[in-house]
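S.K.: Okay, here's the prediction I keep looking at, along with the sequence it came from:
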Amino acid sequence: MNLRRFRVPVLCALLSGSLWQLGGAGFIHVKAAVAQTLLRDAWAQTLLGARQVAPWPWADTWPVARLRVPRHARDLIVLAGASGRTLAFAPGQLSGSAGPGDAGRMIIAGHRDTHFAFLRELRAGDELQLQDPGGTVHRFRVSSTRVVDSHSTALSLDGPQELVLVTCFPFDAMTAGGPLRYLVFAAAAGSVRDGQNSPQFGYRQSAIRTAGRDDSRI
Amino acid sequence: MRTDTHKPRSRPVITDQLEREFFRAYPELAQRVARVRLAHRETPGRRVWWRRLLRNALLVCALLALVWLAPRDAMSTQAETVQAGTLFLQGGKTQRALLLHTDVTIEASGIQARVTVKQTFVNTSDLYREGLYTFPLPERAAVNGLTVQIGDRVIRGEIRAREEARRTYETARRDGHQAGLLEQRRPNLFSLAVANIAPGELVHAEIRYLQRLHISDSEYTLRFPLTVTPRFTPAAGTQHAAIDGQPIETPMVDAAQSTQRARITASIDAGGPVQRVVSAFHSIDSETLDNGVLRLTLRDEEIPADRDFVLRWTPLAGLFPQSALFREIREDGTYALLMVMPPAADAQVALARETIFVLDVSGSMAGASLAQAKAALHTALRALQAADYFNVIRFSSSAAALFPAAVPAHPQSIAHAQQEIERLQADGGTVMAPALAMALAGNPPLQTIRQIVFITDGAVSNERELFELIEDDLGAARLFVVGIGSAPNAHFMREAARAGRGTFTYIGDLAQVQAKMGALLHKLQQPVMSSVRIDWPPGSAAEMLPARLPDLYAGEPLVVSARTDTLSGSVIVSGDLAGVPWSQTLSLDEHRDGPGTATLWARDKIHHLSYAARTLAAQSRREAITRLGLAHDLVTPHTSFVAVEAFPSRPPDAGFAATAVANTMPAGNTMRVFPAGATDAREQLALGVLLLLTAGFLCRGNWLRRG
């Protein structure tokens, strides 16, 4: 038997298999990056007053906020809903969690290997800026980070205004689907009304007001 | 050259022979072919160059990828995993401060139950506190009592108009009096506020209510809800959303971390021996007392408040009453409660059906709920007959139909539907109206009756709007609601089914799907008792509820409450059972005393008024409900219980804080579960690199070296 005659088919199979996998991996990253570009248009329309702007015709989600992390030069559009389908394109706001600027916890989930890879770099005190569809920029400061087991932990959605970023943990795990989650908690640190409703984050420092907390509610 | 000696060997021998023959015959052609071949063949030096480049590139790629994939400073982040699984929220301000315990006593008798719920708050903080607790009660519960016991002082609640009650409570709270306020937030959702609980003090709030038992197939069912399904209030385009009241905002905690425990005892007086008593989700012990009353206790002394307590019992075969009449006389009139069980039909009238399945795939359905819903849907699809038509509509934030219009139930369309259903995932909000409108639109094919099977956990807030949609667009169709999950919004579902003249089936876990869906499907295929009417004694004025009598499916009794001025005579109940007229006469003289009959009638009346949005102006509806609530001591949307202690107990200078007591998350509800946070990119990349490396080594070991 001459084994050499199988060499070319085997090589072809290996190479195409490799190409398939690498392409798949690349596609995930390309999708994550390209979607953000498309989302910027949808967000610009949202700021101009349109609601639930579908970023592409068949989309079942829409931008709900823009998240900026000045220290790490991140600028991400956040979509509604946190299904796997949505998270492929952008970080997603867990449906049922508070909206940007509302009282209660707003939970934004993202993939640890694409949009939210930078969460591991976040340290207490880092500033997060969240722009709501009305143009107001809400500022948050990272207060703590935690690792939790998603099987045994519940996250209350109530309480003072707070932003919680969620991603998978450990960051370097080879396979997806583990039970651990990495949570970044950020407390509200004032908000700024962006007068021009412009898609940019330009704002006047003097306009910053601190969000008061009302603990005596019924 | 190696290549030359090698090349012919790699070709089929016969071709080479033919070629040699050919070239021998045409030498000039042979020269041209040789030239062309030479031009296309790389020199040995060039060949080595590009193959080496390829090989090195492969290796560099692989190495780079390995470096990128290798865990970076994994250890530094791993140090924090010590906290994995610990609950970081417990230190949050909604926990710890107040512990809560619920003590439930259920006394079922005849076709109604009297329930006492005792909630215990403990102020474990060092501040004077206000306890705030939102809790569910069964739909149609007639809440008619509140007692607050603080320390050794007992304050009885009094019924007041809602605003007045709230003002009284707020004044008491401000002035340091201990006080309790019981309000209705939704028909099945109530909130209790207790002000000025001293540090370390124990507060018992006792709430009493009456409810009618659910009767179906000779079986009584009683459900005590222990937690609330998180609600979704659609934001835009819903004009009535605001009328239903403010959005529900109850903190939720996981069952494992919840300090809430419930203790339940029940007694059943079925008027005779009970054949079988089952608790759907909790183990119970039962004993028969001397007076024939069945006494039930939980096997676990306490249960976590994460799923509803459901009790079902069946009287001994043949002892199920075919009719019952209860009467209560009050100053303002005589009240009657009437129950008639129609006979089973003999005839099997098979009618082709158009069945529209509407499946809720909103975020609140994620996890076990969706699995149950899918299983229920599969069961229903399998039961379709060849002559039937069907369609599947799924909805979350938006609605979409599987087929543009209902299609005949051919095996291939059913298979297609089953495939599509398997692929559905739960996410997004619960916007039901478009899905309902889609299901109700158009007309069913000729000679078929339309049945809509609606599978949902009912986590919506704009209930009234949906009921109106159903009532307006129903036509001849029937709406059957299948409730899913451990804490479905039973009020919504029962009312949707009522408005849709269908039934409500509740499925608590995956194991029940077959049995429950089987019973429902059987019911859907049974002939129906229609044109039901009740004739009261001539000359009497009876105000009967429900005003429009429903059609009765097999195994369902007719239950009617009425206020009348007649104390004697005969009541004739009649109907049309699969084309055969049927009637039964009941004598008003052969009644049993039914304390609470008046209360239940008032509750039905309030309910009737609440949904009579289009026939009654808001103002007069409000006034009528307030009058009924005040007359019958009932908590309604416009009347509340308020209990205030006469003397202040909090020193004016002592601090005061409000604390919301969190509800326990329903079991199986995965709103608490964090979304997945990783893609397959890394895994795919690793696999790709592995394959590439293998290919690289193959080249290196063999093929390339030959270059």
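M.R.: The structure has been received and is ready for your questions. Numbering: from 1, shown residues only, chains lettered A, B, ... in the order given.
S.K.: Which strands or helices does the strand or helix carrying residue A:41 pack on?
M.R.: Assigned by DSSP states H and E, residue A:41 belongs to helix A:7-47. Using 3 or more CB pairs under 8 Å, 6 or more residues apart in numbering or on different chains; DSSP states H and E as the contact test, the elements touching helix A:7-47 are strand A:63-69, strand A:74-80, helix B:681-698. In short, each C-beta sits where N, CA and C put it, glycine included.
S.K.: list the buried ones in the worst-scoring helix or strand of chain A on mean pLDDT?
M.R.: Least confident helix or strand, chain A: helix A:84-87 with a mean of 76, by mean pLDDT, DSSP states H and E. For helix A:84-87, a neighbour-count test (16 or more other CB atoms under 10 Å in any protein chain shown) marks A:86, A:87 as buried.
S.K.: Can you confirm whether that helix lies near chain B?
M.R.: Yes - applying CB under 8 Å from any CB of the partner chain, one finds helix A:84-87 touching chain B at A:84, A:85, A:86, A:87.
S.K.: Next SSE downstream of that helix?
M.R.: With DSSP H and E, the next secondary element past helix A:84-87 is strand A:92-93.
S.K.: Now do the helix or strand that that following strand is followed by, average pLDDT.
M.R.: For strand A:92-93, the following helix or strand on the C-terminal side (DSSP H and E) is strand A:105-109. Mean pLDDT, strand A:105-109: 86.
S.K.: Worst mean pLDDT among the helices and strands packed on helix A:7-47?
M.R.: helix B:681-698 (a mean of 84).
S.K.: Spatially central residue for the chain, please.
M.R.: Using chain A here. residue A:91 (2.6 Å; CA atoms, centre = their mean).
S.K.: wrong one, chain B
M.R.: residue B:457 (2.1 Å).
S.K.: neighbours around residue 101, how many?
M.R.: No chain was given, so I picked chain A. 19 (other CB atoms under 10 Å in any protein chain shown).
S.K.: think we crossed wires, I meant chain B
M.R.: Neighbours of residue B:101 using other CB under 10 Å come to 18.
S.K.: Return the nearest residue of the stretch 351-500 of chain B with respect to chain A.
M.R.: Here the residue of the stretch 351-500 of chain B nearest chain A is residue B:427; by CB to the nearest CB that distance is 3.9 Å.
S.K.: element containing that residue?
M.R.: Going by DSSP H and E, residue B:427 is not part of any helix or strand.
S.K.: and the closest residue to it other than its chain neighbours, how many neighbours does it have?
M.R.: Closest residue in space to residue B:427, ignoring its immediate chain neighbours: residue A:83 at 3.9 Å, by CB to CB, 6 or more residues apart in numbering or on different chains. Neighbour count for residue A:83, taken as other CB under 10 Å: 22.
S.K.: Report the contact partners of residue A:83.
M.R.: Residues near residue A:83 by CB atoms under 8 Å, 6 or more residues apart in numbering or on different chains: A:92, B:425, B:427, B:428, B:675.
S.K.: just for chain A, where's the confidence low?
M.R.: A:1-4, A:96, A:150-159, A:177, A:193-218 (pLDDT under 70).
S.K.: Rebuild the helices and strands packed on helix A:7-47 as TSV, extending it with distance to residue B:452.
M.R.: Shown next, in TSV, are the helices and strands packed on helix A:7-47 (distance: least, CB to CB, whole Å):
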stretch	distance to residue B:452
strand A:63-69	33
strand A:74-80	28
helix B:681-698	43
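S.K.: Out of the ones you listed, which gets nearest to residue B:496?
M.R.: strand A:74-80 (26.4 Å; CB to CB).
S.K.: Kindly spell out which helices and strands sit in contact with that closest one.
M.R.: Using 3+ CB pairs under 8 Å, 6+ apart: strand A:74-80 touches helix A:7-47, strand A:63-69, strand A:92-93.
S.K.: okay, the ones you listed, which one's buried deepest?
M.R.: Most buried of the helices and strands packed on strand A:74-80, by mean neighbour count (mean count of other CB atoms under 10 Å in any protein chain shown): strand A:92-93, with a mean of 26.
S.K.: got the residues of the stretch 401-550 of chain B near chain A?
M.R.: B:425, B:427, B:428, B:429.
S.K.: Now, of these, which are buried?
M.R.: B:427, B:428, B:429.
S.K.: isn't residue B:304 right next to residue B:261, touching?
M.R.: Yes - the pair residue B:304 / residue B:261 is scored as a contact, 6.4 Å apart, by CB atoms under 8 Å.
S.K.: circling back to that earlier point, tell me the phi and psi of the residue nearest to the centre of chain A?
M.R.: Dihedral angles of residue A:91 (phi, psi; degrees, to the nearest 10) stand at phi -60, psi 150.
S.K.: How about it, nearest residue that isn't a chain neighbour?
M.R.: That would be residue A:110: by CB to CB, 6+ apart, it lies 3.6 Å from residue A:91.
S.K.: show me the contacts for that neighbour.
M.R.: A:76, A:87, A:90, A:91, A:92, A:116, A:119, A:165, A:166, A:167, B:677.
S.K.: If the fifth one is in a bridge, with which residues?
M.R.: To tie it back to what came earlier, the one meant is residue A:92. Listed by DSSP bridges, the beta-bridge partners for residue A:92 are residue A:79, residue A:109.
S.K.: Let me know whether it touches residue A:108 as I believe.
M.R.: Yes - using CB under 8 Å, residue A:92 is in contact with residue A:108, at 6.9 Å.
S.K.: Need the overlap of contacts for the two.
M.R.: With CB under 8 Å, 6+ apart, residue A:92 and residue A:108 have common neighbours A:78, A:82.
S.K.: Need the helices and strands packed on strand A:74-80 in JSON lines (columns: distance to residue B:462).
M.R.: Converted to JSON lines, the helices and strands packed on strand A:74-80 look like this (distance: least, CB to CB, whole Å):
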{"stretch": "helix A:7-47", "distance to residue B:462": "24"}
{"stretch": "strand A:63-69", "distance to residue B:462": "21"}
{"stretch": "strand A:92-93", "distance to residue B:462": "21"}
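S.K.: how close does the residue nearest to residue A:91 sit to residue A:56?
M.R.: With distances taken as CB to CB, to the nearest Å, residue A:110 is found 19 Å from residue A:56.
S.K.: now the stretch 151-300 of chain B, which segments are flagged as low pLDDT?
M.R.: B:227-260.
S.K.: One more: the stretch 301-450 of chain B?
M.R.: In the stretch 301-450 of chain B, residues with pLDDT under 70: B:305-306, B:317-320, B:344-351, B:446-447.
S.K.: where exactly do the helices run in it?
M.R.: B:368-382, B:411-422, B:433-440 (DSSP state H, counting those that start in this stretch).
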